[in-house]
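**Student:** 3D model of this:
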Amino acid sequence: MIITHNVKEKISKDVNKDNISLFLMSKRGNYFSLSADPSKNISNFNGWFNFLGNEKYSLYKSIENIYHDDGKNMLIPREISNDFIYFDRIYENFVERFTLVKNGLIYDILKKKDLTHINIDLDLRDIFDFNDQGRIYNIYKEKIILKGKRSQEDILIIEYTKYSDNALNNVQGKHFMIIYGLEDFYEIVNKWQKKDYDYDRSRGSRSGFYVYNALKIASKNESRIIFTFSDNKESAKEKLIDIVHNMKLIQEVHANYIDNTLSQKLELQEITGKDSAMAYVNSIHALDGINVSINVDHKKLAGLWAGLPWFFQFWARDELISLKALMLEKKFEIAKLILFRHINELMPDGRISNLYPSTQLGSADAIGWLYRRVYDIIILLEESSDLSKHINLHELKYLRERLQFSIKQMMNNYYTNELIINKPLETWMDTFSDNDYREGFRIEIQALFLGMLRLMNMLNNMLANKFVKKDNKLVSITKSEFDYRKLEREFARVVRERFVVKIINGKESVIMNDGFNSSNADVCRPNLFLAHYIYPDLLHNEEWEKVFDYALEKLWCEWDTSKYTGQNNSSYHRGDSWFFINNLAAVAMHHLNKEKYYSYIVKILNASTEDILYDGFIGYASELSSALEFSPGGCFCQTWSIATYIELIHEMFL
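**Tutor:** Here you go, the predicted model:
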């Protein structure tokens, strides 16, 4: 099957992969995904999902699949075209076009001459509701007057009632899907079908589901069908009216976005290679989509979800690691909004919550990433002389006060043996295997705390700027509870002494251990690349190169370690290759010595580019790959994979 990406220019590739899906998002948290090949049952997470928000924070599925048959066989497209605003499935004699808008789904049949049948399968349920009992569909017509129309028109209503069980006594909820644009030539199929999803089975998660074969529609001419969905019938009707009334405006907004945003990114001459440039444009588009604005508990909340299909939450670590991409794309106000949301939610121990909605899992590193991104936004704004336009003096003082509180409370609660300690499963490697919980003293946690101390010293210099000359040296006279410059200097010394090991065996090797005085402390892990990314001043460049050289010998794989184990997470953080770690490692190598590490950097760039363009969700970056072979998996739209790819492109080219 040919995969094409089209934004003013086209690139195409003939691929033969099983887990390829088209994928569309809206900023309201809704998404639509179908298998590129409609005959393949990839995942129960394919389909049309809507975020309902407020009382229940969840996604709700409606459409399971849309496909054509010729009366005997299912038709298979020869090409998939990603046009960013919409996806086309291109057949020999017609084209299907899917466009996701804020209030619904627009389905166009183009260049149509021959008779086929459109099949619509449904699977109405909460995304994590696997109860197959008490599921009742009722399909009927109603009339509606649309804005600008003089007469009533037919709409088809699918009313879904979910009972607690097959006794059909206790109603758990009702949901409604409206279909507009059908001719009279359709059949209500009314059959249940058992489906088994290959990708779900490979992950060790539930793979068997019953779906509802709802409709078979005769299709001979070009047509447009509009779907809307809600837990309230009148709301679904209002959404339909809005789409029909604003169709021209929707098209104008889409054209403006393509012309004035995406096309301009593609035209950047600095990026080497058409594939990298197109993957960069896809990543810009993906990050914009995952930057959602939703209503939660009757309050508006904006920020970066961790990913889709199943990470539709605001994970602090993921959001903050991803935030620099927004800054590099000059979206400082959005970045600032997210930063201050976290700053305003400091907990008594000096940290921030790991997740919204909440979880029992703690986070040792999210607070450090928060202040690392505060540091980044200040540096980037100062470089462009725009700091005062976005962050005023009062806000800078507030940031310093909050940082001072975090440092103090972390030293009260987590500072022991001259280092910062973390509990089990509190780092980004938050799964365990063979009793390895990664508790204790970990290298990137120390680097993040050093970054907090560095930021405090920078803010003190910016806000105080009062020095006296003492013994021929400028000495700050700003009073504070700690001497932060001394604390940063001494803390760095302790980290070097306890985490860095020099071995002379023919030649000198420098090893940076993953931990100190902890389980699996001397294991070589890619967290050392995070340490350089976060706090490069920990070592001299010559020492860092020796650390990287040793680590690359141990860690670099042409996909040669252990297979991805899916939902059974035994390989999750101990064998799988994570795209965000790869991208940040490439950023660190490029920053340290781009000539020396050029081959590694390019291989990482190419692997991430291939994943974005031609694997998983077309146009989106996956969570990880098996280390045994290049086989993207996990969550197929992973925000920190997307964002760190943008960061790598900026580091290398922009």
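
**Student:** from here on, contacts and neighbour counts on C-alpha atoms
**Tutor:** Will do.

**Student:** can you list the low-confidence ranges for this structure?
**Tutor:** Where the chain drops to pLDDT under 70, the residues are 54, 148, 357, 359-361, 433-434, 465-470, 472-479, 558-575.

**Student:** could you chop it up by domain?
**Tutor:** With domains defined by automatic domain parsing, the chain comprises 2-257, 270-304+556-654, 310-554.

**Student:** next one: the first one to chain centre, how far?
**Tutor:** Per CA atoms, centre = their mean, to the nearest Å, the displacement of domain 2-257 from the mean C-alpha position of its chain is 22 Å.

**Student:** mind checking the end-to-end distance for it?
**Tutor:** Start-to-end span of domain 2-257 (CA to CA, to the nearest Å) is 25 Å.

**Student:** just how off-centre is stretch 628-635 within its chain?
**Tutor:** 16 Å.

**Student:** can you give me the end-to-end span of it?
**Tutor:** End-to-end for stretch 628-635, by CA to CA: 18 Å.

**Student:** how far does stretch 262-274 sit from the chain's center?
**Tutor:** 22 Å.

**Student:** residues contacting it, please?
**Tutor:** Stretch 262-274 is contacted from outside by 7-8, 11, 277-278, 280-281, 284-285, 649, 653-654, using CA atoms under 8 Å, 6 or more residues apart in numbering.

**Student:** list buried residues within these.
**Tutor:** Using 16 or more other CA atoms under 10 Å as the burial test, the contacts of stretch 262-274 include 7, 277-278, 280-281, 284-285, 649 as buried.

**Student:** out of the residues you listed, which is nearest to Arg525?
**Tutor:** Distances from Arg525 to these, taken as CA to CA, are shortest for Ile649 (24.1 Å).

**Student:** helix, strand, or coil at the closest one?
**Tutor:** Applying DSSP: H, G, I helix; E, B strand; the rest coil to Ile649 yields a three-state assignment of helix.

**Student:** residues contacting Glu545?
**Tutor:** So Glu545 contacts 592-593 (CA under 8 Å, 6+ apart).

**Student:** report the secondary structure state of it.
**Tutor:** Of the three states, Glu545 takes helix according to three-state DSSP.

**Student:** and it, how far from Leu552?
**Tutor:** Separation of Glu545 from Leu552 (CA to CA): 10 Å.

**Student:** please apply the same query to Ala36.
**Tutor:** Using CA to CA, Ala36 is found at 37 Å from Leu552.

**Student:** Lys237 too?
**Tutor:** Separation of Lys237 from Leu552 (CA to CA): 58 Å.

**Student:** those two: who's more crowded?
**Tutor:** Taking neighbours as other CA atoms under 10 Å, Lys237 and Leu552 compare with Lys237 leading, 23 against 15.

**Student:** that one: which element?
**Tutor:** helix 233-245 (DSSP states H and E).

**Student:** for whichever helix or strand comes after that helix, packing partners?
**Tutor:** Later in the chain than helix 233-245, the nearest helix or strand by DSSP H and E is helix 247-257. For helix 247-257, the contact count by 3 or more CA pairs under 8 Å, 6 or more residues apart in numbering; DSSP states H and E identifies no helix or strand as a packing neighbour.

**Student:** what angle sits between helix 247-257 and helix 233-245?
**Tutor:** Taking axes from the mean of the first three to the mean of the last three CA atoms, to 10 degrees, one finds helix 247-257 and helix 233-245 inclined to each other by 70 degrees.

**Student:** name the residues that touch stretch 140-153?
**Tutor:** Residues contacting stretch 140-153 (CA under 8 Å, 6+ apart): 154-158, 241, 244-245.

**Student:** which of the residues you listed sit farthest apart?
**Tutor:** Pairwise distances among these were taken by CA to CA; the largest, 22.2 Å, belongs to Ile158 and His245.

**Student:** between these two, which is the more surrounded one?
**Tutor:** Between Ile158 and His245, counted using other CA under 10 Å, Ile158 has the larger neighbour count: 21 against 15.

**Student:** looks to me like the more buried one is in a helix.
**Tutor:** No: Ile158 is assigned strand when assessed by three-state DSSP, not a helix.

**Student:** count the neighbours of the residue nearest to it when sequence neighbours are not counted for me.
**Tutor:** Nearest residue to Ile158 in three dimensions, chain neighbours excluded: Ile139, at 4.6 Å (CA to CA, 6 or more residues apart in numbering). Ile139 has 16 neighbours, counted by other CA under 10 Å.

**Student:** so Ile139 is in which element?
**Tutor:** Following DSSP H and E, one finds Ile139 within strand 135-144.

**Student:** partner strands of that strand, with direction?
**Tutor:** Strand 135-144 has the following strand partners under DSSP bridges: strand 153-163 (antiparallel).

**Student:** number of nearby residues for Val15?
**Tutor:** 12.

**Student:** that one against Leu613, yeah?
**Tutor:** No: the criterion here is CA atoms under 8 Å, and Val15 misses it with Leu613 at 10.6 Å.

**Student:** look up how far Ile3 lies from the residue nearest in space to the middle of the chain.
**Tutor:** Taking CA atoms, centre = their mean, the centroid of the chain lies closest to Thr639, which sits 1.9 Å from it. Noted for Thr639: a distance of 22 Å to Ile3, by CA to CA.

**Student:** before we move on, what about Arg125?
**Tutor:** 31 Å.

**Student:** quick one: the strands in the stretch 201-350 of the chain?
**Tutor:** 208-219, 223-230, 291-296, 299-304, 307-308, 314-315 (DSSP state E, counting those that start in this stretch).

**Student:** hey, which of the ones you listed is tucked in deepest?
**Tutor:** Most buried of these, by mean neighbour count (mean count of other CA atoms under 10 Å): strand 307-308, with a mean of 24.

**Student:** which secondary structure elements does that one contact?
**Tutor:** Judged by 3+ CA pairs under 8 Å, 6+ apart, strand 307-308 is in contact with strand 637-638.

**Student:** need the residues that contact the strand it packs on.
**Tutor:** 306-309, 617, 620-623.

**Student:** direction included, what does that strand pair against?
**Tutor:** With DSSP bridges as the test, strand 637-638 is paired with strand 307-308 (antiparallel).

**Student:** which among the contacts of stretch 262-274 gets closest to Leu105?
**Tutor:** Each of the contacts of stretch 262-274 was scored against Leu105 by CA to CA, and His285 proved nearest at 18.5 Å.

**Student:** so who does that closest one touch?
**Tutor:** With CA under 8 Å, 6+ apart, His285 has these contacts: 84, 262.

**Student:** in the stretch 1-150 of the chain, which spans are strands?
**Tutor:** Going by DSSP E, counting those that start in this stretch, the stretch 1-150 of the chain shows strands at 2-7, 9-14, 21-25, 31-35, 47-51, 59-69, 79-82, 86-90, 95-101, 104-110, 116-126, 135-144.
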